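A.B. asks: based on what follows, work out the 3D shape:
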Amino acid sequence: MAIFLCFLFFLISSATACDRCVHHTKVAYFSKASALSSGACGYGSLALGFYGGHLAAGVPSLFKDGAGCGACIQIRCKNTTLCSRAGTTVILTDLNRNNQTDFVLSSRAFMAMANKGMGQQVLKLGLVDVEYKRVLCNYNKQNLAIRVEEMSQKPHYLAIKVLYQGGQTEIVGMDVAQVDSSRWTYMTRNYGAIWDTSNVPSGPLQLRFVVTGGYDGKWVWAKKVLPADWKVGETYDAGVQISDIAQEPCYPCDNENWN
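C.D. replies: Model (predicted):
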């Protein structure tokens, strides 16, 4: 019995400590990437520049009420004749309401799963079996950025969009305060990657984020983000990078590099 309990504990521990879990599904594609950029995450045309336009809409379990926006997924099709071993990396920019597939990809991402010169042949399939895993987002050391949305109305209402979140985590909470103040105001997720508050502190603003790492969370503090004269439509450097790795419950874990 003791041996069995130790083995069971090992399985449970292993199942809660994976950086990479491989999942299996089917994927389809949209012929126009704009259909994914203008979606539920609120990135708009900015998304077309993410990962070379390799965009994806994910089902609710991946979208996570907007917390999954910006997640990076490595995905490859199982047709070894047409598709490469590495596949491609896509970024989640929209919600997929079709429960027949976990993802709908941009056509560019769909073709990028193919071996060289076989993109059109893969595209003709329309629907393919794939495997996928979440991976770190890499923006070449670019810091997290904050865009002030057009719906903002200074000084009473502030709506911001989070861009270029690195690592493999989700932002699940956000506060704002005047720089050098400890009086924090809670911000709420309006939708997707957009957060807002109707209680806007005056002066230059700092932000702090609650970032998940699977089962645990941590604070990330951006000490100086928005100047006192912040402007609608402007994007500001948060001065921090998020590089943490999330964990998923699965067994066995996948530590292989797909390349």
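
A.B. asks: which residue ranges of the stretch 1-150 of the chain form helices?
C.D. replies: With DSSP state H, counting those that start in this stretch as the criterion, the stretch 1-150 of the chain has helices at 2-15, 34-37, 60-63, 107-112, 119-125.

A.B. asks: identify the residues contacting the second one?
C.D. replies: What that stands for is helix 34-37. Residues from elsewhere that reach helix 34-37 (C-beta atoms under 8 Å, 6 or more residues apart in numbering): 30, 43-48, 55-57, 93-94, 104, 106. In short, each C-beta sits where N, CA and C put it, glycine included.

A.B. asks: follow-up on the earlier one: what's the least confident stretch among the helices of the stretch 1-150 of the chain?
C.D. replies: Ranked by mean pLDDT, those bottom out at helix 2-15, which scores a mean of 37.

A.B. asks: correct me if wrong: A56 contacts V90.
C.D. replies: Yes - between A56 and V90 there is a contact at 4.1 Å, judged by C-beta atoms under 8 Å.

A.B. asks: joint contacts of these two?
C.D. replies: Between them, A56 and V90 share these contacting residues under C-beta under 8 Å, 6+ apart: 73, 75, 103, 105-106, 109.

A.B. asks: residues in contact with the nearest residue to V128 once chain neighbours are set aside?
C.D. replies: Spatial nearest neighbour of V128, excluding adjacent residues (C-beta to C-beta, 6 or more residues apart in numbering): C77 at 4.3 Å. Contacts for C77 (C-beta under 8 Å, 6+ apart) come out as 27, 83, 87, 113-114, 122, 128-130.

A.B. asks: low-confidence ranges in the stretch 101-250 of the chain?
C.D. replies: Applying pLDDT under 70 to the stretch 101-250 of the chain flags residues 213-216.

A.B. asks: for it, just list every one of the strands.
C.D. replies: Secondary structure of the stretch 101-250 of the chain by DSSP state E, counting those that start in this stretch: the strands cover 103-106, 128-135, 145-148, 158-163, 171-178, 185-191, 194-197, 205-212, 217-226, 235-237.

A.B. asks: possible to save these as TSV with mean neighbour count?
C.D. replies: Converted to TSV, those look like this (neighbours: other C-beta atoms under 10 Å):
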stretch	mean neighbour count
strand 103-106	27
strand 128-135	20
strand 145-148	20
strand 158-163	23
strand 171-178	19
strand 185-191	16
strand 194-197	21
strand 205-212	21
strand 217-226	17
strand 235-237	16
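
A.B. asks: for H23, which of those strands is the nearest?
C.D. replies: Counting by C-beta to C-beta, H23 lies closest to strand 128-135 out of those; the figure is 5.6 Å.

A.B. asks: now do that closest one: distance to the chain's middle.
C.D. replies: Strand 128-135 sits 15 Å away from the centroid of its parent chain (C-alpha atoms, centre = their mean, to the nearest Å).

A.B. asks: give me the beta-bridge partners of Y191?
C.D. replies: I194 (DSSP bridges).

A.B. asks: next one: H24
C.D. replies: Legend: beta-bridge partners of H24 under DSSP bridges are E131.
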